[in-house]
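Engineer: requesting a structural model of the entry that follows:
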Amino acid sequence: MARIIFDARWIGEHGIGRFANEVSARNKGFLKIKNGLKPTSPFDVFFITLYLAFKRGVYFSPGYNCPLLFLNRSVITIHDLNHIDIEHNSSFLKKIYYELVMKRACKKSLKVLTVSNFSKRRICEWAGISSSRVLVVGNGVSEEFLNKETNVTNSDGEYIFSCK
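Structural biologist: Next up is the predicted model:
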């Protein structure tokens, strides 16, 4: 089995950060990238490409960053397309990044992970890729969100999620 190079720079107290933390906590054998640029830096695409030029293994990004090269040994995660679908969360540079970097990565990476069937359909539509390239993995859920006193065995039907 190939060594997994996990981009642990995403770990934090935010949506992608929680997903990254849960994946990392359950996979102790990953080689973790902890240093370097922030994964949200516009220059990260060059940093991660250079990093992978000297490291063998499959790169796994829990967020929306990816290398320019080595996509054939990369697994990327796109939680949603809010950076291009929601105008107030977008910018000219984000649109360029998604069009030139992320769309290409969707077509050439080993696999694209996402958190919902809605996002999967949207990614496939936007990138023009087959649904077989995208795997729905769900969001990260830590122990603190589990109610150990309630044994839920049936999730069929309607429900309301609420929290304090």
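Engineer: would you map the strands across the protein?
Structural biologist: Using DSSP state E, the strands of the chain run over 4-7, 31-33, 58-60, 74-77, 111-114, 134-136.
Engineer: tell me which residues are up against the second one.
Structural biologist: When you say that, I think you mean strand 31-33. Under the criterion CB atoms under 8 Å, 6 or more residues apart in numbering, residues R3, I4, I5, F6, D7, A8, R9, S24, I48, Y51, K55, G57 lie in contact with strand 31-33. From N, CA and C alone the C-beta is placed, and that goes for glycine too.
Engineer: hang on, the earlier thing: how about the strands of the chain, which one is nearest M102?
Structural biologist: For the strands of the chain, distance to M102 was read as CB to CB. The smallest value, 7.8 Å, belongs to strand 74-77.
Engineer: follow-up on the earlier one: of the contacts of strand 31-33, buried ones?
Structural biologist: By neighbour count, with 16 or more other CB atoms under 10 Å, the contacts of strand 31-33 hold I4, I5, F6, D7, A8, R9, S24, I48, Y51 as buried.
Engineer: so who does the residue minimising distance to the centre of the chain touch?
Structural biologist: The centre of the chain sits closest to T77, judged by CA atoms, centre = their mean, with a distance of 2.3 Å. When the contact criterion is CB under 8 Å, 6+ apart, the partners of T77 are I16, F19, S61, P62, G63, Y64, V112, L113, T114, V137.
Engineer: return the member of these nearest to G128.
Structural biologist: Looking across the contacts of T77 and measuring by CB to CB, the closest to G128 is V112, at 12.5 Å.
Engineer: circling back to that earlier point, contacting residues for the closest residue to the residue nearest to the centre of the chain other than its chain neighbours?
Structural biologist: Residue nearest to T77 in three dimensions, not counting chain neighbours: L113, with 4.4 Å by CB to CB, 6 or more residues apart in numbering. Contact analysis of L113 by CB under 8 Å, 6+ apart lists V75, I76, T77, I78, V134, L135, V136, V137.
Engineer: please indicate which of these are buried?
Structural biologist: Using 16+ other CB under 10 Å, the buried members of the contacts of L113 are V75, I76, T77, I78, V134.
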